[in-house]
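Participant: coordinates only, no sequence provided:
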């Protein structure tokens, strides 16, 4: 499923939903803007509306309060964005990206071992 990259403001909402699960807009607002003296209700509503329109969140109205849930996992989003990056930079190949990460010591030993196990399967 091809989904567009998210701007930081929308990604912050998604990170919260991925960590905590289904939440009402008020809890999202309180988590994202805990010390803000200005009301951010409108901002959060706009972020949630855009995410819903893009297909990233679903709104559940069954409990009398709108609860928002992610429609995809963090891993699915990351995989989609990595594939998009590979398509733009390396004609769809992930090998140059992985090679660069390994050569630059950007992958911890445990993750390299996990890759090794996956390749052996």
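Facilitator: Arrived safely, thanks for sending. Bear in mind the structure is a predicted one, so any value in this text is a computation, not a measurement. Numbering: from 1, shown residues only.
Participant: can you pull out the helices in this structure?
Facilitator: Ranges of helices in the chain, per DSSP state H, are 8-20, 25-32, 41-54, 74-89, 95-103, 109-120.
Participant: and the angle from the lowest-mean-pLDDT helix or strand in the chain to helix 74-89?
Facilitator: None of the helices or strands of the chain scores lower by mean pLDDT, DSSP states H and E than helix 95-103, at a mean of 87. With axes from the mean of the first three to the mean of the last three CA atoms, to 10 degrees applied, the angle from helix 95-103 to helix 74-89 works out at 110 degrees.
Participant: which one is residue 106 nearest to, not counting chain neighbours?
Facilitator: Using CB to CB, 6 or more residues apart in numbering and skipping the chain neighbours, the partner closest in space to residue 106 is residue 100 (7.8 Å). Where you see a C-beta, it was placed from the backbone N, CA and C, and this is true even at glycine.
Participant: measure how buried the one you found is and give me the count.
Facilitator: 11 (other CB atoms under 10 Å).
Participant: and for residue 44?
Facilitator: Neighbour number of residue 44 under other CB under 10 Å is 22.
Participant: so it sits against residue 29, correct?
Facilitator: Yes: between residue 44 and residue 29 there is a contact at 4.4 Å, judged by CB atoms under 8 Å.
Participant: returning to what we had before: orientation of the least confident helix or strand of the chain relative to helix 109-120 in degrees?
Facilitator: 140 degrees.
Participant: how about the residue nearest the centre of the chain: what's its closest non-neighbour residue?
Facilitator: For the chain, the residue sitting closest to the mean C-alpha position, by CA atoms, centre = their mean, is residue 74 at 4.7 Å. Nearest residue to residue 74 in three dimensions, chain neighbours excluded: residue 18, at 4.5 Å (CB to CB, 6+ apart).
Participant: before we move on, what about residue 97?
Facilitator: residue 86 (6.1 Å).
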